[in-house]
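Chemist: predicted model and sequence below, questions to follow.
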Amino acid sequence: MKRVITYGTFDLLHYGHVNLLQRAKALGDYLIVAISTDEFNWDMKGKKCYFSYDERKRLVEAIRYVDLVIPEESWEQKVSDAREYHIDTFVIGDDWEGKFDFLKDEGVEVVYLARTPEISTTQIKKDLNTDNK
């Protein structure tokens, strides 16, 4: 069984997220999604989410491509996750190109997928903020 993992915040879930998860699942048999906890988002990324971790987890678990959802609590856990879950392939958006190549030292294939160009959570937030003025 080929195991794939991806990481993200997955706030304001949209079709770009679904595209990423579908393409990630196509690279293996079992897809694990690590979702950033509220604390990690705020303390380490400086992001405030609209939906709580539990709400985002529930939404992502409902997507048919996803086999398991786990919390992302630190940047450093990627290596331990790769070991614990026997990961074959790490997948993330190409806006992170080169940042996770160190996982290759763990025997993990690293794949950077092109983002869905016309959609992003950041853009949705900007558009909603503009419409309210």
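Modeler: Nice, thanks for sending it over. Numbering: from 1, shown residues only.
Chemist: now do the helices in the protein.
Modeler: 15-25, 38-40, 53-61, 77-84, 121-131 (DSSP state H).
Chemist: deepest of those helices, which one?
Modeler: helix 15-25 (a mean of 18; mean count of other CB atoms under 10 Å). Yep, even glycine has a C-beta here, placed from its N, CA and C like the rest.
Chemist: nearest to Arg3, out of the helices of the chain?
Modeler: helix 77-84 (9.3 Å; CB to CB).
Chemist: which of the helices and strands in the protein ranks last by mean pLDDT?
Modeler: helix 121-131 (a mean of 70; mean pLDDT, DSSP states H and E).
Chemist: what stretches of the protein score poorly on pLDDT?
Modeler: 117, 119, 125, 127, 130-133 (pLDDT under 70).
Chemist: could the helices of the chain go into a markdown table alongside distance to Val111?
Modeler: Formatted as a markdown table, the helices of the chain follow (distance: least, CB to CB, whole Å):
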| stretch | distance to Val111 |
| --- | --- |
| helix 15-25 | 8 |
| helix 38-40 | 23 |
| helix 53-61 | 19 |
| helix 77-84 | 14 |
| helix 121-131 | 21 |
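Chemist: between these, which gets nearest to Thr6?
Modeler: Using CB to CB, the helices of the chain put helix 15-25 closest to Thr6, at 4.9 Å.
Chemist: then the closest one to PDB, C-alphas only?
Modeler: Taking C-alpha atoms only, helix 15-25 is exported to PDB below (Å, rounded to 0.1, in the frame of the first residue of the first chain):
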ATOM      1  CA  TYR A  15     -12.700  23.400  -4.900                       C
ATOM      2  CA  GLY A  16      -8.900  24.200  -5.000                       C
ATOM      3  CA  HIS A  17      -8.600  22.200  -1.800                       C
ATOM      4  CA  VAL A  18     -10.600  19.400  -3.300                       C
ATOM      5  CA  ASN A  19      -8.500  19.400  -6.400                       C
ATOM      6  CA  LEU A  20      -5.300  19.100  -4.300                       C
ATOM      7  CA  LEU A  21      -6.800  16.200  -2.300                       C
ATOM      8  CA  GLN A  22      -8.000  14.400  -5.400                       C
ATOM      9  CA  ARG A  23      -4.600  14.700  -7.100                       C
ATOM     10  CA  ALA A  24      -2.800  13.700  -3.900                       C
ATOM     11  CA  LYS A  25      -4.900  10.600  -3.500                       C
END
